[in-house]
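Trainee: The following block contains a protein sequence and its predicted model.
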Amino acid sequence: MADRLAIAELHKVYPGGVHAVRDVTLAVEPGTFLVLLGPSGSGKTTLLRTIAGIERATTGSITIGDRLVAGERIHRPPEQRDLSMVFQDYALWPHLSVNDNVAFALRRRGHSRASCRQLALTMLERVGLDRLAERYPGQLSGGEQQRVALARALVGDTGLLLCDEPLSNLDADLRERMRVEIASLVREVGATTIYITHDQQEAFALADQVGVMSKGELVQLGSPETVYATPSTRFVARFTGLAGELRVRVCSSPSPRGTVNVEPVFAENGIPIHACIGRDAPSTGEATMTIRPGAVALCGTEDPAAHLNGTVTDVAFRGRAYELAVDLRGGGRLNGIHSERRVDRGSSVGLQLEATGCVVFDGVGDGDAGEVVGLPSVDMDDVVVGMPA
């Protein structure tokens with residue numbers, strides 16, 4: 001049966017005053033798939049390890065189901081928390097067969113050897129690996145090892161499943177196939193799941209709820225749609241996928257719909273850009289406008305609806321369509337612009353912006369007007385080297 005997870009005012013401070021987790025409070029209802037998203041060093045792995053009991057909380061409390069597992073003078077070890085964990089490096093026993101690796105979690109719960117092997121084989125059938133039950137981990141591919149680790153975590157029927165970047169070591173095609181398998185299996189068994197990643201596409205595809213972390217803090221928690229459509233800060237907007245940022249000047253009062261008119265600081269077409277109001281957005285003066293790729297549509301340079309003009313500097317074929325990089329007249333660049341047809345490099349294009357994908361925040365960008373802040377390619381945030389759960 002899935003457990004409810006409740007965390008209240010949780011802090012984790014390492015020697016030397018390193019504050020890895022800062023005042024995190026959240027509640028995860030039974031059966032919810034929560035993805036914690038953030039860059040390297042954001043504290044998401046430390047938070048996961050603290051939930052698991054691998055790390056001891058400095059202050060605050062953690063409740064799993066109706067059991068207080070961390071609190072003032074309370075620290076229950078992982079084996080007393082009724083949870084399973086899928087590690088980044090799979091953590092399979094190399095000297096045990098696939099079946100015995102999966103059965104290991106059951107033997108710790110007092111099942112007979114025969115019962116363990118049968119239940120393990122049944123779970124391996126569910127992940128499509130029953131034919132490999134007698135092989136050893138070293139004889140499996142990376143994707144097969146990942147499915148063994150997932151089967152081992154699910155077979156124990158614990159109330160809480162923790163996943164520490166389980167797809168980070170797989171190639172792109174296998175990552176996508178395993179993402180679908182994880183989503184299907186976890187929801188089939190109804191487990192409450194906490195999953196960490198630095199990949200925003202993976203997070204949005206998997207999650208019922210997304211929690212974005214930065215510098216140890218949980219800066220926003222909500223559905224994927226809410227986090228994407230209404231980012232609470234510039235950091236959240238940047239980390240969940242931008243075409244770029246523009247320095248703009250606010251030129252109207254806020255409307256009842258929560259939008260304002262802005263104009264680029266650099267000279268452009270003179271058509272006001274409608275944008276949503278973000279946290280601490282100024283009522284006048286200069287600001288930063290974040291732009292989602294889906295908010296940008298191509299048009300002609302002489303089109304009266306064109307808010308910006310630019311030159312195509314890169315074209316990437318993505319199968320169903322193209323993605324363009326456009327250098328803006330006046331400075332800056334927008335990436336990931338969708339186009340149904342191929343546009344040659346060097347072509348002049350107009351760009352029309354939709355208000356729903358443009359959000360105005362206080363302050364100016366950290367670089368050029370159209371600076372794009374991308375995701376890190378590798379996340380080594382507190383890499384876990386652990387033993388099988």
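Mentor: Nice, thanks for sending it over. Numbering: from 1, shown residues only.
Trainee: What is the least confident helix or strand in this structure?
Mentor: Sorting the helices and strands of the chain by mean pLDDT, DSSP states H and E puts helix 172-189 at the bottom, at a mean of 86.
Trainee: So residue 149 sits against residue 93, correct?
Mentor: No: taking contacts as Cβ atoms under 8 Å, residue 149 lies outside contact range of residue 93: 11.0 Å. C-beta coordinates here come from the backbone N, C-alpha and C atoms, glycine included.
Trainee: Those two: which is more packed in?
Mentor: In this view residue 149 and residue 93 are compared by other Cβ atoms under 10 Å, and residue 149 has more residues nearby, 27 against 14.
Trainee: Can you pull the poorly scored residue ranges out of this protein?
Mentor: Residue ranges of the chain with pLDDT under 70: 1, 267, 269, 364-389.
Trainee: Relative to residue 241, how far out is the nearest residue to residue 323 once chain neighbours are set aside?
Mentor: Spatially, and ignoring its direct neighbours in sequence, residue 323 is nearest to residue 316 (4.6 Å; Cβ to Cβ, 6 or more residues apart in numbering). Between residue 316 and residue 241 the distance is 15 Å, computed by Cβ to Cβ, to the nearest Å.
Trainee: So for those two, which sits in the more crowded spot?
Mentor: When neighbours are counted by other Cβ under 10 Å, residue 316 and residue 241 differ, and residue 241 comes out ahead with 18 against 11.
Trainee: If you tally nearby residues, what's the number for the residue lying closest to the more buried one once chain neighbours are set aside?
Mentor: The shortest distance from residue 241 to any non-neighbouring residue, by Cβ to Cβ, 6+ apart, is to residue 200 (5.4 Å). Close neighbours of residue 200, defined as other Cβ under 10 Å, add up to 20.
Trainee: okay but residue 200 is in contact with residue 237, surely?
Mentor: No: using Cβ under 8 Å, residue 200 is not in contact with residue 237, being 10.9 Å away.
Trainee: Could you name every residue contacting both of those two?
Mentor: Shared contacts of residue 200 and residue 237 (Cβ atoms under 8 Å, 6 or more residues apart in numbering): none.
Trainee: So which residues of the stretch 1-150 of the chain form helices?
Mentor: Using DSSP state H, counting those that start in this stretch, the helices of the stretch 1-150 of the chain run over 44-52, 98-107, 113-126, 142-155.
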